[in-house]
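Participant: Make a model of this:
(2 chains)
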Amino acid sequence: MVQTVASPEPGSVVSIVRDQHIEAFRWMLLARMLDDKFASLYRAGKIHGGVFLGRGQEALSVSIGVALQKGDVFAPLIRDQAGRFAFGEPILDAVRTYLGSSLGPMRGRDGNVHRGWPREGLLPMVSHLGAMISVVNGILFARRLRNISGAVGATSIGDGGTSTGAFHEAINQAAVEKLPLVLIVANNQYAYSTPTARQFACRNLLDKAAGYGVGGHTVDGTDLSACLAVVSEAVRLAREGCGPQMVVARLLRLCGHGEHDDAGYVDAKLKQSPFGRDCLRVAEQQLLQHGWADAQTLELWRNEATQKIEEAVATVQREPAPDPYQEDWRALSSLHLWEARPEDSA
Amino acid sequence: MSITYLEAIREAQAQALSQDPRVFIYGQDVGGFGGAFKATKNLAREFPGRVIDSPISEDAMVGLAIGAAIDGMRPIIEMQFADFSSVGFNQIINQAATLYWRTRVPCPITIRLPSGGTSGSGPFHSQSVEAIYAHYPGLVVMTPATVEDAYSMLLEAVALDDPVIFCEHKYLYYHLKADRLPTEAVPTGKARIVREGRDLTIVAYSAMVHEALAVAEELAGEGTEIEVVDLRSVKPLDTDTVMASVARTGRLLCVGEAWPWGGVTAEVVARVAGEGFGLLDAPPRRLNAKDTPVPYHPNLWAAHRPTARSIGAAVRDLLRL
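Facilitator: A predicted model of the protein is given here:
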């Protein structure tokens, strides 16, 4: 292992901040490199369906996963690979779901970002924006009914998702019930191709927090140090009983909506603005400036990430695809209520 | 002692709350107020903290129920009217109905839908939406027609591991009475032959069962024996019982209060035509509401939905073929 330049006192505040930053950076790096791998596999025709990257949103996303603990709930959205890793999702889950392995959590029944383990607190998203928020509310509500305290539920949404009725109903519901919900809004300037000016008319999305009566926080989504501090503070407040917290991060999506989209609509001026910075580069600079890593260490981490990704992809490529003849074609868990239709056996 | 259909629903919920600590009720005005129809009367007092008022947010109400079910609870959601379930539609069909299939984690939620027409209720408080939910894989759709079924099927709904759309008919709330609550129940998925007959089968469910029975009674005086089948649940749909009845009578009329395009009656007729064509002595027919929103005025309303009169006319017509 390469020695990093500075070594603060173990257990000191500096040491905790440093370790957290390093952990977060390494998940960001792995997420970015895995995303790049998925993009290559997509272009090579190896992935059925869409590929959705988190490029430019890793600092914000990873901060959620880092701030959450075992027993918490996380409902990620499409650009949350970094947060998923930090929350504990194995790399094989991601690769198996994208490549349609029958051994993955979704067994080929759903793909790409639609994966999770509901009972382990990692919720598999549906595509309807805002719909996961009230489901997180429900888990937190159920815990309260059973007098289980201390858990936080976090979920991500974009600027476009804040326009949905589901978003409004759910954040209002969480506020009425004072649930320990942390809602992370990635204002990445575009919902698919629609700019924020066509999405909302308030000056700042943060104004909505006051309207709902929930805590509001704002952060530069390109700055890992700031994201870690602000998101962990929001999670702390929620955990301590201060009710729902909404974090609005400003950043720019550095890719298309999906890999099918060349994002030609993105305003060049935004790309040059401070919010157009690449959060991974910023985080890397922060590491170097603090002396928490040097070029050699960064190279080592990259190599380790490459190895993990290549191993996972090689493993999954040898795994069986789902077999329609083995599929039970049954959507109810109650076997006695399932109607076998004559055409099924035809 | 007598008990109404509505009281049976209240008693079933009281029973579910008392026997299973995982059960709670969430909906608009269900708490201290006892619900718009008083289906949760006194339950908030009897079960403190477990009968909870929600904001007017059908989407978030269902979403919360799904999350609670994932965490091991068995929520009952009361929609104030079936018509408003359209606002929670997305959570019902995209989240609740798909959860088990996607993740192998069941979604035991019961959504109570005060359904169907009553005089003076108009387009937005009268709808029968069972066919919409039955269309989606992953849901059970119950349509009880009797006090006994309202009680026992609601208890069964709460005990099931799958999401249940429980269509309780508002017209039956006060009109239908039984002497006592049942101690035994026919399981969901089994239709019931409510009246035996040899000349023609009427398949119905929910409030239409009683219109069909009135017709059967009337025609019995003319020497015609009508068999009436109560589907009880429209999903699953007990094709075997329907087919066996049609095998005896050779004639089928399927009656539903919902709209005519597609739906439960079309499904029944399609199954009988497709799987039991040779059993039929006449074309299988169906009778539904008119293809317009449900009207407010009693004169219009009475002509909009099938009644004993229109069913009787359809039966006589079919018997001539």
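Participant: Residues of the stretch 1-150 of chain A that sit close to chain B?
Facilitator: Residues of the stretch 1-150 of chain A lying near chain B by Cβ under 8 Å from any Cβ of the partner chain: A:105-106, A:109-110, A:114, A:116-119, A:123-124, A:126-128, A:131-143, A:145. C-beta here means a position set from N, CA and C on the backbone, and glycine is covered the same way.
Participant: Find the closest residue to chain A in chain B.
Facilitator: Residue of chain B nearest chain A, by Cβ to the nearest Cβ: B:Gly67 (2.1 Å).
Participant: ok, the closest residue to that residue other than its chain neighbours to B:Met73 distance?
Facilitator: The shortest distance from B:Gly67 to any non-neighbouring residue, by Cβ to Cβ, 6 or more residues apart in numbering or on different chains, is to A:Gly138 (2.1 Å). Distance of A:Gly138 to B:Met73, given as Cβ to Cβ, to the nearest Å: 8 Å.
Participant: Domains in chain B, by residue range?
Facilitator: B:3-178, B:192-320 (automatic domain parsing).
Participant: among those domains, which is the most enclosed?
Facilitator: Highest mean neighbour count of those: domain B:3-178, a mean of 22 (counted as mean count of other Cβ atoms under 10 Å in any protein chain shown).
Participant: and that domain, how far out from the chain's middle?
Facilitator: 11 Å (Cα atoms, centre = their mean, to the nearest Å).
Participant: Please enumerate the strands of the stretch 51-200 of chain B.
Facilitator: For the stretch 51-200 of chain B, strands defined by DSSP state E, counting those that start in this stretch occupy the ranges B:51-53, B:74-78, B:110-115, B:140-142, B:164-169, B:177-178, B:192-195, B:200-204.
Participant: Which single residue of the stretch 1-150 of chain A ends up nearest chain B?
Facilitator: Using Cβ to the nearest Cβ, A:Gly138 is the residue of the stretch 1-150 of chain A that sits closest to chain B, at 2.1 Å.
Participant: now that residue: how far from A:His168?
Facilitator: Counting by Cβ to Cβ, the gap between A:Gly138 and A:His168 amounts to 17 Å.
Participant: Those two: which has the busier surroundings?
Facilitator: Legend: neighbour count by other Cβ atoms under 10 Å in any protein chain shown for A:Gly138 and A:His168, higher for A:Gly138 (31 against 19).
Participant: thinking again about what came up before, tell me the phi and psi of the residue nearest to B:Gly67?
Facilitator: phi -60, psi -40 (degrees, to the nearest 10).
Participant: do the one 4 residues further on as well
Facilitator: Geometry field for A:Ala142 lists phi and psi as phi -60, psi -40, criterion degrees, to the nearest 10.
Participant: Just list the residues touching it, thanks.
Facilitator: Listed by Cβ atoms under 8 Å, 6 or more residues apart in numbering or on different chains, the contact partners of A:Ala142 are B:67-68, B:71-73.
Participant: and if we set it to 10 Å?
Facilitator: A:148, B:22, B:24, B:64-65, B:67-73, B:75 (Cβ atoms under 10 Å, 6 or more residues apart in numbering or on different chains).
Participant: show me the contacts for the residue in the stretch 151-300 of chain A that chain B sits nearest to.
Facilitator: Nearest residue of the stretch 151-300 of chain A to chain B: A:Glu169, at 3.7 Å (Cβ to the nearest Cβ). Shown in contact with A:Glu169 (Cβ under 10 Å, 6+ apart): A:130, A:133-134, A:137, B:54-64, B:87-88, B:91.
Participant: List the ones among these that fall in helices.
Facilitator: If you go by DSSP state H, these have A:133-134, A:137, B:58-64 in helices.
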